[in-house]
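Enquirer: Give me coordinates for this.
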Amino acid sequence: MKITLISENLEEAEVIIKGDIASDEVETILQLLKNKNTSKKLFLQSDDEQNLVDIKEIVYFEAYNNKVNAFTENNTYSTKLKLYELKEKLAQFQFAQINKSVIVNIDYVKSVQAEFSGNYSLRLRNRKEILTISRKYFREFKSQI
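Expert: Sure thing, here's the model as predicted:
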């Protein structure tokens, strides 16, 4: 990879990438640029309070009845963000979508077990819920481990 820096008086920085823009190297560079200013905390609602919660503390997000809830080991919060917005925001962290309504923090996965239906059961550390990984999302989940 060749890097050229040119000093100019511009209102904002400009990045130009020349070459195979579909390569893994370019994709990595783009992800780094997109995630440069991404916060490591989220504002989540609990009762009448806005709580600043560290993303690493969130076990999973679940969309249900047009609401998205965030679950930590001890608390449940809600957020106004849609699941697809969270997925984009959490791209640099260890989160994977496991079905159409759940995004899980990979660091909290205890075990995965295949079911006869072709889906998988996912057990979490420090939580009692068993979540379902649908066949459609299993490849994405597996690639993030």
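Enquirer: for stretch 82-97, how far is the first residue from the last?
Expert: Start-to-end span of stretch 82-97 (CA to CA, to the nearest Å) is 13 Å.
Enquirer: before we move on, what about stretch 122-131?
Expert: End to end - CA to CA - stretch 122-131 spans 5 Å.
Enquirer: Buried residues, it. List them.
Expert: Buried residues in stretch 122-131, counted by 16 or more other CB atoms under 10 Å: 122, 124, 127, 131. To be clear about C-beta, it is placed using only N, CA and C from the backbone, and glycine gets the same treatment.
Enquirer: The second one: what's it in contact with?
Expert: Spelled out, it's Leu124. The contact partners of Leu124, by CB atoms under 8 Å, 6 or more residues apart in numbering, come to 59-60, 104, 108-110, 131.
Enquirer: can you check the last one too?
Expert: Under the criterion of CB under 8 Å, 6+ apart, the neighbours of Leu131 are 60, 98-99, 102, 104, 121-122, 124.
Enquirer: Now flag whichever of the residues you listed is closest to Ile6.
Expert: When the contacts of Leu131 are compared for distance to Ile6 (CB to CB), Val104 wins out at 43.4 Å.
Enquirer: Okay, buried residues for the helix or strand harbouring that closest one please.
Expert: According to DSSP states H and E, Val104 maps onto strand 102-105. The neighbour-count check on strand 102-105 (16+ other CB under 10 Å) flags 102-105 as buried.
Enquirer: Run me through the strand neighbours of it, direction for each.
Expert: strand 58-64 (antiparallel), strand 95-99 (antiparallel) (DSSP bridges).
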